[in-house]
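K.L.:
dropping the sequence and predicted coords here.
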Amino acid sequence: MFGLDLLARLGGRRSRRRLPLWPGLGEGGGAAGAVVMKPVSVLVLVQVLGTVSSQPEQHCPPPCECSEGDKTVKCVNRSLSELPPDLPSYVHTLLITGNNISRLSPAPLAGLGELAALNLSGNRLQELEPGALAELPRLRQLDLSDNQLHNFSSQPFGARSPLEALDLSGALYNDSVLASSLAPVLRSGALGALRSLELADNRLLYLPRGVFAALPELTHLGLSDNFLVGLPGGALANLTRLQTLDLRNNSLRRLRNSTLRDLPRGLRLRLAQNAWLCDCDLEELLAWLKQDAAAAAPVVQDREQLVCSDPEALSGVPLLSLGAADLKCSAPDDLSSLQTSYVFLGIVLALIGLIFLLVLYLNRKGIKKWIYNIRDACRDHMEGYHYRYEINADPRLTNLSSSLDV
């Protein structure tokens, strides 16, 4: 403040001399002579010009389209094999889709501190390297759909990511990638702020135990268009804030009562296009559906579309129209009769064994004599062989053996 006041006083004193703006222009009338600049103004102008000149110019990579006003960069269908370098730091939304990028490394995204939405769908992406998305402090939305991801490194999102929405629909190479590579990332707690997770169309057969346990903020979970045959116990136990769960077009045959108890309150559930088996085991789900239909805020949004797939007699029949009498328990009856048949067969075999042992006991003396006779016959036979061997071995007894044979 003291320096600025001093400069102001000096400027005030010198202003009486009417200094020219440019050297070589003297005092006097005219436009040039009328312009006077104080030292403070010159100092401020120099600082402003220096600040402007020190800011790097924002370039747009040649294959991309950039809009600084919208803070958007688009690189769509450009046959890129890697992310373009020197992306402008102002970018808020980055769309790089329809290319041939197999690996995602952290270097091209470094310095994009304003990036909030990143779309990398349809790039044939196979691997996320360690820390690939760790240096994006404002990233909220990430779309990796329609890729061929084989491997997620141990910490592609860093120790703690601000990510809120992750789209992995059709992104996994096969169903084993979830258990071997993605599940450890989800369990690590790095995505604890995640609110929306989309895993549709990944040919998933089952869900690893506790795969969503470290996602307490999750409100939407999409699992449609897979091959899930059931939900393991406790799969949804920790998702207390879950609001929507999409299980359409899977291979669900039934839902156990333990699974239904884990559903959080206020959940909106979709279950259409599954192969429901309408037998006695469906009774729990059927009762729950009818109770849910009468509730003020029903859980199952598409309950009218749930139809039986098996048995053939009930194929296409809506679940809500079924009664207890329609759920024939033929399978348990057949199983009971089969168990009875096995028991009867065991009893018969036991009786046969007892009869056989009884016959052996009653004929023990005759059997003993028969065994002795066989033993003596074998002994005589062996002695005859031994005698012939001794004669053949002695040349002096060869003639005697011949005469005896005659």
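P.N.:
Sure thing, it's come through.

K.L.:
C-alpha from now on. contacts and neighbour counts both.
P.N.:
Will do.

K.L.:
pLDDT below threshold where in the stretch 301-406 of the chain?
P.N.:
Along the stretch 301-406 of the chain, the parts satisfying pLDDT under 70 run over 329-338, 386-406.

K.L.:
an error on my part: the question was meant for the chain.
P.N.:
1-57, 296, 329-338, 386-406.

K.L.:
what sits against the spatially most central residue of it?
P.N.:
What sits nearest the mean C-alpha location of the chain, by CA atoms, centre = their mean, is L178, with 3.4 Å. For L178, the contact set (CA atoms under 8 Å, 6 or more residues apart in numbering) comprises L172, P208.

K.L.:
quick check on it: phi, psi?
P.N.:
phi -60, psi -50 (degrees, to the nearest 10).

K.L.:
what do you get for the one 4 residues further on?
P.N.:
Backbone geometry at L182, expressed as degrees, to the nearest 10, gives phi -80, psi -40.

K.L.:
that one: neighbouring residues, count only.
P.N.:
19 (other CA atoms under 10 Å).

K.L.:
and if you look at I355?
P.N.:
Neighbours of I355 using other CA under 10 Å come to 11.

K.L.:
from W370, how far out is it?
P.N.:
For I355, the distance to W370 equals 21 Å [CA to CA, to the nearest Å].

K.L.:
do the same with H59
P.N.:
H59 is 109 Å from W370, where distance means CA to CA.

K.L.:
again with L168
P.N.:
Applying CA to CA to L168 and W370 gives a distance of 82 Å.

K.L.:
and these two? Which one has more around it.
P.N.:
L168 (22 against 11).

K.L.:
thought that one was touching L221?
P.N.:
No. Applying CA atoms under 8 Å, one finds L168 not in contact with L221, separated by 11.1 Å.

K.L.:
what touches both of these two?
P.N.:
L197, E198, L199.

K.L.:
quick one, phi psi at R268?
P.N.:
Torsion angles, degrees, to the nearest 10, at R268: phi -110, psi 120.

K.L.:
surely it and A297 touch.
P.N.:
No. The pair R268 / A297 is not scored as a contact, 9.0 Å apart, by CA under 8 Å.

K.L.:
who has more neighbours out of the two?
P.N.:
R268 (19 against 13).

K.L.:
who does that one bridge with?
P.N.:
Listed by DSSP bridges, the beta-bridge partners for R268 are T244.

K.L.:
contact partners for it?
P.N.:
By CA under 8 Å, 6+ apart, the neighbours of R268 are Q243, T244, L245, P298, V299, V300, Q301.

K.L.:
S154 now?
P.N.:
P130, P184, V185 are the contacts of S154 under CA under 8 Å, 6+ apart.

K.L.:
strands of the stretch 1-150 of the chain, start to end?
P.N.:
Ranges of strands within the stretch 1-150 of the chain are 65-67, 72-76, 93-97, 103-104, 117-119, 127-128, 141-143, based on DSSP state E, counting those that start in this stretch.

K.L.:
check the stretch 151-300 of the chain too.
P.N.:
Using DSSP E, counting those that start in this stretch, strands in the stretch 151-300 of the chain cover 151-152, 165-167, 196-198, 220-222, 244-246, 268-270, 276-277.

K.L.:
make JSON lines out of these and add distance to Y385.
P.N.:
Shown next, in JSON lines, are the strands of the stretch 151-300 of the chain (distance: least, CA to CA, whole Å):
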{"stretch": "strand 151-152", "distance to Y385": "77"}
{"stretch": "strand 165-167", "distance to Y385": "89"}
{"stretch": "strand 196-198", "distance to Y385": "87"}
{"stretch": "strand 220-222", "distance to Y385": "87"}
{"stretch": "strand 244-246", "distance to Y385": "87"}
{"stretch": "strand 268-270", "distance to Y385": "89"}
{"stretch": "strand 276-277", "distance to Y385": "76"}
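
K.L.:
thank you kindly, that will do.
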